[in-house]
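Chemist: Provided below are the primary sequence and the corresponding predicted coordinates.
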Amino acid sequence: MIVFRDPAEVPSGFGPSVVVIGKFDGVHSGHRAVIDRARVKAVSLGATVVAVTFDRNPLALLAPDKCPENLIGVNQKVRLLADTGVDAVLVLRFDEDLASLAADEFASLVLVDALAAEAVLVGADFRFGRGGVGTAQTLTAFGLSHGFEVDVVHDVRAADRGRRVSSTWIRELLSSGDVVGARKLLGRDHSVVGEVVHGLKRGREIGYPTANLSDDLEGFVPADGVYAGWLIDQADASGLRPGIRYPAAISIGTNPTFDDVASRQVEAYVLDETDLDLYGRQIELRFVERIRGMGAFEGIEALVAQIANDVERTREILARDQSTD
């Protein structure tokens with residue numbers, strides 16, 4: 001898959017293309033349904049499939065007080081879009097210059113001049129151009145005069161609840177620790193990615209060494225608690241094989257037993273591994289199921305006993321998860 005960071009990077013003669021436009025926060029099942037539709041259309045047109053997205057939520061610039069926390073970072077987004085089978089991704093930097101473009105200027109620059117679009121797929125609530133004045137209907141009219149069709153795709157809704165699949169709903173689930181529910185809407189395990197940094201090393205002292213992620217990780221951090229999940233190393237000099245997932249008990253919170261951790265920590269113990277050197281490595285943590293909430297314990301012995309129980313629960317949950325893959 002090709003990644004462009006600016007319309008000017010798209011080579012002359014690129015296209016024809018079928019374009020899907022959106023924030024794609026989470027690249028959830030609703031997004032993938034639209035992309036699948038674009039891929040089918042591209043086959044009939046003999047075109048490439050391009051996902052156009054942004055390096056941030058436009059609200060981060062236009063209305064920061066109303067901007068929700070992202071489900072995924074931009075690097076995660078690009079990787080997940082690649083997994084959908086698109087041929088290229090154009091990640092637009094949403095800055096003052098882009099925000100100031102009139103609707104027809106945006107469409108000309110991106111869809112006509114850069115991507116030679118023959119078809120464009122957008123949601124019914126799509127907005128574009130300065131002040132958000134451009135709509136799906138505006139784009140349809142523009143396409144008629146510039147040689148591309150517009151396909152307005154309606155929402156994907158959960159069959160059992162009738163609610164629209166959305167990043168907002170997924171954030172709600174993750175905020176309550178319901179990673180199983182989030183997985184149903186995402187079509188995959190929710191994950192975070194970050195660099196392993198030095199912590200207080202208490203886990204090592206009690207026989208359960210953990211990989212602590214830096215505070216600037218990518219991805220929405222679920223509710224405090226202990227989760228069964230998977231750890232994937234992004235490189236190959238740590239004792240783990242890159243790209244292979246390893247069973248892990250993941251802890252999120254401030255460790256109230258000790259009451260000396262100022263901010264929420266995300267850390268993971270790889271089951272049955274006590275001598276891994278992951279410092280400085282980029283790892284991904286995937287959340288499968290929440291085991292319990294976070295709470296204080298009466299002393300180290302009680303904490304160690306609970307961790308041992310957490311590890312066994314993690315082992316059971318992940319064995320079941322593997323059998324359903």
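Modeler: Received the coordinates, thanks. Residues are numbered from 1 along each chain as shown.

Chemist: Which SSE is immediately downstream of the helix or strand of the chain with the lowest mean pLDDT?
Modeler: For the chain, scoring each helix and strand by mean pLDDT, DSSP states H and E identifies helix 202-205 as the least confident one, at a mean of 61. Where DSSP states H and E defines the elements, the next helix or strand beyond helix 202-205 is strand 211-213.

Chemist: what lines up beside the next helix-or-strand element following that next one in the sheet?
Modeler: Going down the chain from strand 211-213, the next helix or strand is strand 225-233, by DSSP H and E. Neighbouring strands of strand 225-233 in its sheet, by DSSP bridges, are strand 245-253 (antiparallel), strand 282-292 (antiparallel).

Chemist: quick one: which of those is nearest Leu45?
Modeler: Between Leu45 and the strands paired with strand 225-233, the tightest spacing by CB to CB is seen for strand 282-292, at 35.4 Å. Using the backbone N, CA and C atoms, a C-beta is placed for each residue, glycine as well.

Chemist: roughly how far out does that closest one sit from the chain middle?
Modeler: 14 Å (CA atoms, centre = their mean, to the nearest Å).

Chemist: coming back round to it: can you tell which of the strands paired with strand 225-233 is closest to Gly177?
Modeler: Distance to Gly177, taken as CB to CB, is lowest for strand 282-292 among those, at 4.5 Å.

Chemist: Next, the buried residues of the helix or strand just after the closest one.
Modeler: Once the chain leaves strand 282-292, the next helix or strand it forms, by DSSP H and E, is helix 300-323. Within helix 300-323, the residues that count as buried by 16 or more other CB atoms under 10 Å are 303, 307, 310-311, 313-314, 317-318, 321.

Chemist: can you check stretch 129-139 too?
Modeler: For stretch 129-139, by 16+ other CB under 10 Å, it's 129, 134-136, 138-139.

Chemist: now stretch 222-236
Modeler: Neighbour-count burial for stretch 222-236 [16+ other CB under 10 Å]: 222-233.

Chemist: As TSV, the buried residues of helix 300-323 with distance to Trp169 would be great.
Modeler: Compiled in TSV, the buried residues of helix 300-323 are given as follows (distance: CB to CB, whole Å):
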residue	distance to Trp169
Leu303	35
Ile307	32
Asp310	28
Val311	32
Arg313	27
Thr314	27
Ile317	24
Leu318	26
Asp321	23
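
Chemist: now, which of these sits nearest Ala268?
Modeler: Relative to Ala268, the closest of those is Thr314; by CB to CB it sits at 10.2 Å.

Chemist: List the contacts of the closest one.
Modeler: 228-229, 247-249, 271, 291 (CB atoms under 8 Å, 6 or more residues apart in numbering).

Chemist: coming back round to it: tell me which of the strands paired with strand 225-233 lies nearest to Leu80.
Modeler: strand 282-292 (11.6 Å).

Chemist: Any idea how far stretch 39-51 is from the middle of the chain?
Modeler: 24 Å.

Chemist: List the buried residues in that stretch.
Modeler: 39, 41-42, 47-51.

Chemist: Can you flag which of the residues you listed belong to helices?
Modeler: Judged by DSSP state H, the subset of the buried residues of stretch 39-51 located in helices is 39, 41-42.

Chemist: Quick one: those residues as CSV, columns for pLDDT and distance to Leu80 too.
Modeler: Shown next, in CSV, are these (pLDDT from 0 to 100; distance: CB to CB, whole Å):
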residue, pLDDT, distance to Leu80
Arg39, 94, 15
Lys41, 94, 21
Ala42, 95, 19
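
Chemist: can I get these in JSON lines with distance to Gln282?
Modeler: As requested, those are exported to JSON lines (distance: CB to CB, whole Å):
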{"residue": "Arg39", "distance to Gln282": "30"}
{"residue": "Lys41", "distance to Gln282": "36"}
{"residue": "Ala42", "distance to Gln282": "33"}
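
Chemist: Show me which of the contacts of Thr314 is closest to Ser17.
Modeler: Of the contacts of Thr314, the one sitting nearest to Ser17 (CB to CB) turns out to be Gly229, at 37.1 Å.

Chemist: mind listing the strands for this protein?
Modeler: Using DSSP state E, the strands assigned to the chain run over residues 2-4, 17-21, 48-54, 88-92, 117-123, 127-128, 134-135, 149-153, 190-197, 211-213, 225-233, 245-253, 265-270, 282-292.

Chemist: contacting residues around the third one?
Modeler: So that's strand 48-54. Taking CB under 8 Å, 6+ apart as the rule, strand 48-54 contacts 14-24, 35, 38-39, 42, 77, 81, 84-94, 110, 115, 117.
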